[in-house]
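[1] got a predicted model here, sequence first, then my questions.
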Amino acid sequence: MTQARHHGGDRTPMRLFRSRTAEAWGWARRCAGGHLAPGMCVLPLLLLAVVFVDVAGGIWLPLLAAAPALAAATNGPRGVLGVGLVAATLGALLGHKQGIPAGELAAVLSALLAVTAASGLAGALRGRRERVLAAVRSVAEAAQHALLQPVPETVGPFQVAVRYSAAAAEARIGGDLYALVPTPHGVRLIVGDVRGKGLPAVGTAALVLGVFREAAYDEPDLLAVVGRIERSLARNLGPDDFVTAVIAGCPGSGHLEVVNCGHAPPLLISASGAVTAVEPAQPTPPLGLRALAGQAPRLQHLPFAVGDQLLLYTDGVTEARDHAREFYPLATGVARHVSDDPAHTLGAVHDELLAHVGGRLHDDAALLLLRKRSADRQVPVPHRTEVAL
């Protein structure tokens with residue numbers, strides 16, 4: 001009998017180990033299945049560690065204080081307090097079982113409760129910051145939709161596609177601008193880049209787009225549209241502020257009208273796939289600097305037949321660098337991915353651009369691609385689809 005009791009006593013720690021391990025793994029499986037709060041998933045791992053230490057003949061109770069601290073990373077105050085309560089209960093039971101002196105056990109449990117209280121406060125503050133961030137992002141999205149209004153996929157004889165990425169990922173809005181306006185004088189579009197960043201750049205972009213949308217509809221001459229934007233900026237911008245932009249018009253006579261105000265040259269893509277940079281015949285200062293430079297913009301006329309495409313973009317695309325500090329070759333990328341579907345073309349170019357920079361752009365980037373369709377697929381151009389900001 002004595003020998004049997006001795007062997008049974010030897011098996012008791014192993015049964016206790018198996019029981020605790022099964023409970024911990026059961027909790028882990030429920031956590032993986034989404035049945036527990038994220039913060040509670042930390043506790044089974046800690047319990048498993050305590051089991052191993054306990055079976056080995058000692059106990060490391062202070063380890064339990066990590067449970068509420070880690071729970072604060074994903075849970076609110078209630079979840080943190082729940083984890084802390086479970087950890088404190090487990091600590092009291094294990095401490096009593098191991099015969100830890102009352103004073104030492106009280107010190108350990110007091111520290112655990114203090115960590116739980118501090119972690120609960122941290123979880124509350126984290127939740128508040130997340131709510132504030134969500135509100136800011138919601139406002140930014142609303143501002144973006146008001147500022148950069150959606151561009152239709154088809155406008156009259158044209159297919160259109162747009163891609164825009166803000167460098168400030170959480171803000172989702174930046175200083176680059178674009179717009180396309182169907183007017184009685186044909187389709188008119190603008191792509192530009194405001195000097196500077198942040199809210200001042202966004203305000204300037206809103207000013208430019210508001211003036212452009214009104215002037216594009218009212219003015220029969222494209223140079224008059226540019227003049228109205230220039231006068232508005234001269235009244236509202238500081239001496240060091242300016243906007244580079246390309247303003248284009250499609251009057252429907254088989255050609256394009258282009259005015260380049262200090263911006264990157266557009267790319268003209270022929271129906272055969274050849275890509276040509278449209279350099280301005282004469283350099284023109286950016287919008288807002290005409291009074292200082294004393295040079296007036298010039299109007300360029302480009303042939304634009306069925307199947308031809310025009311790509312407007314900002315310098316956030318062409319100045320994007322990879323880890324070797326090499327610029328993204330936009331003309332080569334466009335020639336490689338050009339197709340009869342502008343959305344597909346820009347999607348492929350944009351994906352390649354992100355891969356080139358390693359996943360995230362360091363400057364705002366905008367791409368707008370216009371393609372002329374065949375005459376039998378044209379639809380009437382609406383007279384007014386947008387309102388000024």
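    Great, that's in hand.

[2] what ranges does the stretch 201-350 of the chain have for its helices?
    222-236, 290-293, 315-318, 330-337, 342-357 (DSSP state H, counting those that start in this stretch).

[3] what stretches of the stretch 51-200 of the chain score poorly on pLDDT?
    51-61, 135-147, 167-174, 198 (pLDDT under 70).

[4] starting at the chain centroid, how far to stretch 321-334?
    21 Å (C-alpha atoms, centre = their mean, to the nearest Å).

[5] give the buried residues for it.
    Tyr328, Leu330, Gly333, Val334 (16 or more other C-beta atoms under 10 Å). C-beta here means a position set from N, CA and C on the backbone, and glycine is covered the same way.

[6] show me the contacts for the residue nearest to the last one when sequence neighbours are not counted.
    In this case it means Val334. Excluding its sequence neighbours, the residue lying closest to Val334 (C-beta to C-beta, 6 or more residues apart in numbering) is Val275, at 5.5 Å. Val275 sits next to Leu267, Leu268, Ile269, Ala331, Val334, Ala335, Val338 when contact means C-beta atoms under 8 Å, 6 or more residues apart in numbering.

[7] run through the residues that contact the nearest residue to Asn236 once chain neighbours are set aside.
    Excluding its sequence neighbours, the residue lying closest to Asn236 (C-beta to C-beta, 6+ apart) is Leu207, at 6.0 Å. By C-beta under 8 Å, 6+ apart, Leu207 lies in contact with Ser232, Leu233, Asn236.

[8] check what pLDDT the last one gets.
    Turning to Asn236, the model gives it a pLDDT of 86.

[9] and it, how many neighbours?
    Neighbour count of Asn236, defined by other C-beta atoms under 10 Å: 14.

[10] bridging residues for the residue nearest to Val334?
    Following DSSP bridges, Val275 is listed with bridge partners Ile269.

[11] now the helices of the stretch 201-350 of the chain as CSV including distance to Leu109?
    Converted to CSV, the helices of the stretch 201-350 of the chain look like this (distance: least, C-beta to C-beta, whole Å):
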stretch, distance to Leu109
helix 222-236, 65
helix 290-293, 73
helix 315-318, 56
helix 330-337, 63
helix 342-357, 51
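
[12] can you say which of the ones you listed is nearest to Gly82?
    helix 342-357 (41.1 Å; C-beta to C-beta).

[13] touching the closest one from outside, list them.
    By C-beta under 8 Å, 6+ apart, helix 342-357 touches 153, 159-163, 165, 309, 317, 320-322, 328, 330, 333-334, 337-339, 360-361, 365, 367, 369-371.

[14] pLDDT below threshold where in the stretch 201-350 of the chain?
    In the stretch 201-350 of the chain (pLDDT under 70), no residue qualifies.

[15] can we see that at 90?
    Along the stretch 201-350 of the chain, segments meeting pLDDT under 90 span 201-206, 234-241, 251-255, 280-285, 288-298, 316, 322-324.

[16] right, and the helices of the stretch 201-350 of the chain - which one's nearest Ala88?
    Of all those, helix 342-357 sits nearest to Ala88, with 47.9 Å by C-beta to C-beta.

[17] tell me what angle the helix or strand that the closest one is followed by forms with helix 330-337.
    For helix 342-357, the succeeding helix or strand toward the C-terminus, using DSSP states H and E, is strand 365-372. For strand 365-372 against helix 330-337, the angle by axes from the mean of the first three to the mean of the last three C-alpha atoms, to 10 degrees is 50 degrees.
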